[in-house]
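>>> fold the following, please.
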Amino acid sequence: MNEFSCNICGRNFKDKDALDMHSNAKHPELVKKPLNIPFKKIRNWSIFIISIVIVFLVIISLIPEKNVKELNVDLTGKSIGIPDGAIHWHPSLTIIINGERISIPNDIGQGTGRIVDAHLSEMRMSPTHTHESDGTIHLENNNPGSKPETLTLGYFFYVWDKQFNVSCIFEYCTDKGELKMFVNDIENDEFENYIMNDKDNILIEYKNY
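Model (predicted):
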């Protein structure tokens, strides 16, 4: 006859049912009980967690993107006067953030920032680039009519891998300040869509409220 022994006190029982009854009565603290969570409690916790996730996603969607990595210019319907032949233009760019002039690095488009393969010249540099850190932008293109967007101010920031549009310059956005652009001392509202010309003096200025 098989006997079943209690591992705690050593008593023997004739069957497993008797052993289980003994364990429940004499050693209840050591008996594993099934986890019993009310359905209502599970439902409430599930609703709470889902609500938190939804709120988090909404907050994330409202935060302005700090570093735009896509070229975003719109020349649709704009009358574009671009010469047929090669160009070598030198507009000048000044950026002032809260009264402080921001340095524009040398060699943008020549190993720093972004070089776009589709627009590389024979010199292996972007058609929009810098040589010095004085704010001079070099526009060098043998056929600018084929890619007119490369002459826009937005394309320069694209090559630089920085954000600039009607709402933001770098991480500074109009939800917390005022953004203005001037071309040759005249306010201009084209921002990233502005097509630069030779000897343009471009000023971008941002001030916190």
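>>> the closest residue to G145 other than its chain neighbours: what secondary structure?
Distances taken as CB to CB, 6 or more residues apart in numbering put I82 closest to G145, at 5.2 Å, once the chain neighbours are dropped. Just so you know, the C-beta spots here come from the backbone N, C-alpha and C atoms, and that holds for glycine as well. Three-state call for I82 (DSSP: H, G, I helix; E, B strand; the rest coil): coil.
>>> run through the residues that contact I82.
144-145, 148, 151, 195 (CB atoms under 8 Å, 6 or more residues apart in numbering).
>>> double-check I108 against H129; I have them as touching.
Yes: judged on CB atoms under 8 Å, I108 makes contact with H129 at a distance of 5.7 Å.
>>> any common contacting residues for the two?
What both I108 and H129 touch, as defined by CB under 8 Å, 6+ apart, is the set V159.
>>> mark which of the contacts of I82 are buried, thanks.
Listed as buried from these are 144, 148, 151, 195; burial here means 16 or more other CB atoms under 10 Å.
>>> quick check: nearest residue in space to the last one, chain neighbours excluded?
Which is I195. L151 (5.0 Å).
>>> again with L203
Spatial nearest neighbour of L203, chain neighbours left out: F182 (4.4 Å); criterion: CB to CB, 6+ apart.
>>> so how far is G135 from the one you found?
Counting by CB to CB, to the nearest Å, the separation of F182 from G135 is 14 Å.
>>> neighbour count for those two, which is higher?
Neighbour count, other CB atoms under 10 Å: between F182 and G135, G135 has more, with 18 against 14.
>>> look up the pLDDT of the more buried one for me, please.
The confidence metric pLDDT takes the value 95 at G135.
>>> one step back: which of the contacts of I82 fall within strands?
Using DSSP state E, no member of those falls within strands.
>>> pLDDT and distance to P91 for those - can I get that in JSON lines?
Converted to JSON lines, the contacts of I82 look like this (pLDDT from 0 to 100; distance: CB to CB, whole Å):
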{"residue": "P144", "pLDDT": "87", "distance to P91": "13"}
{"residue": "G145", "pLDDT": "84", "distance to P91": "18"}
{"residue": "P148", "pLDDT": "89", "distance to P91": "15"}
{"residue": "L151", "pLDDT": "92", "distance to P91": "9"}
{"residue": "I195", "pLDDT": "93", "distance to P91": "10"}
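>>> quick one: the helix or strand that contains D20 to chain centroid distance?
D20 is part of helix 16-26 when elements are defined by DSSP states H and E. Distance of helix 16-26 from its chain centroid, counting by CA atoms, centre = their mean, to the nearest Å, is 63 Å.
>>> now do stretch 176-190
Computed by CA atoms, centre = their mean, the chain-centroid distance of stretch 176-190 equals 24 Å.
>>> what's the end-to-end length of it?
Start-to-end span of stretch 176-190 (CA to CA, to the nearest Å) is 21 Å.
>>> what does that stretch contact?
98, 153, 166-169, 172-173, 191, 194, 200-209.
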